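*Asks:* this one's sequence-less:
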């Protein structure tokens, strides 16, 4: 069933958009079913859970960290993470740089912007992003690379609001691209859209959609895997 769910979702993803299968709270066996159907990018939001799965599953999986990242948990993902979607402060970016240096890596990252009406969601605003991207200290960070932006829309049935919030994230991407990353081809990612709203996100220019429940079904948040 999971393989069939995956194929249905994958068939709706536009050319040029990458699908991140969000596998949090799912077992390695469930992930393998989707892996064998062809998926290679999986997203997790708990560092220790991702570490355990990375060790147990095929090594050609590309692991993306999509949740709120605590500084003291970076060490669990720094050796292998392919992309961190959720950099929401300069302090966090500096800590990622430190752990990346210990692993002799450059870790690609996305800047998370707060675009939703909900206060519970994390993210930067333009002024905060400007403050550190324009700083001399940012230029000293040699073990992180900013590849784009990420955001989460308000959880609502109001498609007009969702569309406007995704459009606002694309504007932040365009602003940062023109001001700080015009000559850097790697700055090209807009991570937005989840199971309920990823078609709207693709309309608004998403390059990465993070889809979990449409593939894996509802999550059991009481399940403790690790």
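*Replies:* Great, that's in hand. Source: prediction; values computed, not measured.
*Asks:* okay, CA-based contacts and neighbour counts for the rest of this
*Replies:* OK.
*Asks:* can you give me the helices in the chain?
*Replies:* For the chain, helices defined by DSSP state H occupy the ranges 2-12, 28-36, 47-56, 74-77, 90-102, 126-133, 136-139, 159-180, 198-203, 213-216.
*Asks:* would JSON lines of the ones you listed with distance to residue 109 be doable?
*Replies:* Output for the helices of the chain, formatted as JSON lines (distance: least, CA to CA, whole Å):
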{"stretch": "helix 2-12", "distance to residue 109": "24"}
{"stretch": "helix 28-36", "distance to residue 109": "24"}
{"stretch": "helix 47-56", "distance to residue 109": "15"}
{"stretch": "helix 74-77", "distance to residue 109": "13"}
{"stretch": "helix 90-102", "distance to residue 109": "8"}
{"stretch": "helix 126-133", "distance to residue 109": "13"}
{"stretch": "helix 136-139", "distance to residue 109": "14"}
{"stretch": "helix 159-180", "distance to residue 109": "14"}
{"stretch": "helix 198-203", "distance to residue 109": "20"}
{"stretch": "helix 213-216", "distance to residue 109": "24"}
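*Asks:* could you redo the ones you listed as TSV and give each row mean neighbour count, mean pLDDT and distance to residue 20?
*Replies:* As requested, the helices of the chain are exported to TSV (neighbours: other CA atoms under 10 Å; pLDDT from 0 to 100; distance: least, CA to CA, whole Å):
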stretch	mean neighbour count	mean pLDDT	distance to residue 20
helix 2-12	15	98	10
helix 28-36	17	98	11
helix 47-56	17	97	14
helix 74-77	20	98	17
helix 90-102	19	98	21
helix 126-133	14	98	25
helix 136-139	11	98	28
helix 159-180	18	98	18
helix 198-203	19	98	11
helix 213-216	20	97	11
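*Asks:* Compare those helices and give me the one nearest residue 152.
*Replies:* Taking CA to CA, helix 159-180 is the member of those nearest to residue 152, at 8.1 Å.
*Asks:* and the gap between the most far-flung residue of the chain relative to its centre and residue 130?
*Replies:* Centroid-distance maximum for the chain: residue 136 at 26.4 Å, with CA atoms, centre = their mean. As judged by CA to CA, to the nearest Å, residue 136 and residue 130 stand 12 Å apart.
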